[in-house]
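Peer 1: this one's structure only:
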């Protein structure tokens, strides 16, 4: 292990805080049309408009994907169709590409999810590497944030020359929205659940750490998730691809699209100079498409977790082996109750009643 100081990072490639706060960032929008574009062509169109090749410096690229579920429910994880389009572009210039995500606090889902969602098939197709960040060697990073003064960060993230962020647009029971900024919560594999009561400041801290390496965000808004997401929401087809070099602007545009106020973690990130709340849309029109809002008081896992974290029993419940029992209960709710009652139905609807079904079937493992 060695120390890495992100706290005093400066680079001409990134705006000063004043410039970020006044900058009118571009958010590129491409409507996905099956007959005219398809997802992969929509990705290429978006990346070309973004000028992506000029944004990558060095050859080692880490692609942060969402692999939070080992069950296939469209909208939960990064679509393999999006990744296929991205990897195809990266392969043309011979980048050294690694992609991955981390295990959840309550489950070891990442490796299985990479297989179930067809990501490993793509890794073989394009010669890219998959890394479960929870299994990576950790490097201690100094960030001097509001919540974290230092963090153990996966070596894959630290040693990347550039990071491409590929989140799925979803509502979220804890932060209202998960898109560009919230997605980087996954580069903190260890104990991030312990910071749910200060999650907004903690997300801003983590983004302070990764921002210098962030080349751009490519948002999977093809099939999203609304309601009590990110894990137990309802699939929502949106047929969009978004991209920007500015994660704050990305989230501001996404919030307006789904019909919600700008979340606290997005405003805090803007205050830290990590991007701008001011943006202009380039490309197709981003017509507001209100999502069903999350209702954490009705989502039992979030309700009981947050209630118990505020209870005097918190040290006993979350800092002892008892947490393993709570994690097991949460996992069973997600993988058994939710999936069998709702998730399986959502997956069937997409695969049998939308044009995505035929395309996704080509990407998913046959067994």
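Peer 2: Perfect, thanks for sending it. Source: prediction; values computed, not measured.

Peer 1: in what helix or strand does residue 130 lie?
Peer 2: If you go by DSSP states H and E, residue 130 is part of strand 129-132.

Peer 1: next, the buried residues of the helix or strand just after that strand.
Peer 2: For strand 129-132, the following helix or strand on the C-terminal side (DSSP H and E) is strand 138-142. Across strand 138-142, burial judged by 16 or more other Cβ atoms under 10 Å covers 138, 139, 141, 142. Placement of C-beta: from N, CA and C, glycine included.

Peer 1: tell me the secondary structure at the nearest residue to the first one once chain neighbours are set aside.
Peer 2: I take that to be residue 138. Closest residue in space to residue 138, ignoring its immediate chain neighbours: residue 152 at 3.9 Å, by Cβ to Cβ, 6 or more residues apart in numbering. Three-state assignment for residue 152 (DSSP: H, G, I helix; E, B strand; the rest coil): strand.

Peer 1: likewise for residue 216?
Peer 2: For residue 216, the secondary-structure state derived from three-state DSSP is strand.

Peer 1: give me the nearest residue to it, chain neighbours excluded.
Peer 2: Spatial nearest neighbour of residue 216, chain neighbours left out: residue 245 (4.9 Å); criterion: Cβ to Cβ, 6+ apart.

Peer 1: which other helices and strands contact the strand holding residue 130?
Peer 2: For strand 129-132, the packing partners by 3 or more Cβ pairs under 8 Å, 6 or more residues apart in numbering; DSSP states H and E come out as strand 96-101, helix 110-116, helix 119-126.

Peer 1: ok now the longest one, how far from the chain's centre?
Peer 2: Distance, stretch centre to chain centre, for helix 119-126: 19 Å (Cα atoms, centre = their mean, to the nearest Å).

Peer 1: is residue 47 in a helix, a strand, or coil?
Peer 2: Assignment for residue 47 (three-state DSSP): helix.

Peer 1: low-confidence ranges, this structure, go.
Peer 2: Confidence mapping of the chain against pLDDT under 70 gives the ranges 1-23, 190-196, 304, 313, 317, 367.

Peer 1: the residue of it positioned farthest from its centre is in what secondary structure piece?
Peer 2: Farthest-out residue of the chain from its mean C-alpha position, per Cα atoms, centre = their mean: residue 312, at 32.4 Å. In this structure, residue 312 sits in neither a helix nor a strand according to DSSP H and E.

Peer 1: please report phi then psi for the residue nearest to residue 139 when sequence neighbours are not counted.
Peer 2: Closest residue to residue 139 apart from its sequence neighbours, by Cβ to Cβ, 6+ apart: residue 158 at 4.6 Å. Backbone torsions for residue 158, taken as degrees, to the nearest 10, come to phi -60, psi -40.

Peer 1: residue 158: neighbouring residues, count only.
Peer 2: 21 (other Cβ atoms under 10 Å).

Peer 1: how close does it get to residue 185?
Peer 2: The gap separating residue 158 from residue 185 is 17 Å, by Cβ to Cβ, to the nearest Å.

Peer 1: rewinding a little: ok, now how distant is the residue nearest to residue 139 from residue 164?
Peer 2: Distance from residue 158 to residue 164, by Cβ to Cβ: 16 Å.

Peer 1: coming back round to it: dump the buried residues of strand 138-142 into CSV; add distance to residue 324 as well.
Peer 2: What follows is the buried residues of strand 138-142, written out as CSV (distance: Cβ to Cβ, whole Å):
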residue, distance to residue 324
138, 21
139, 27
141, 28
142, 31
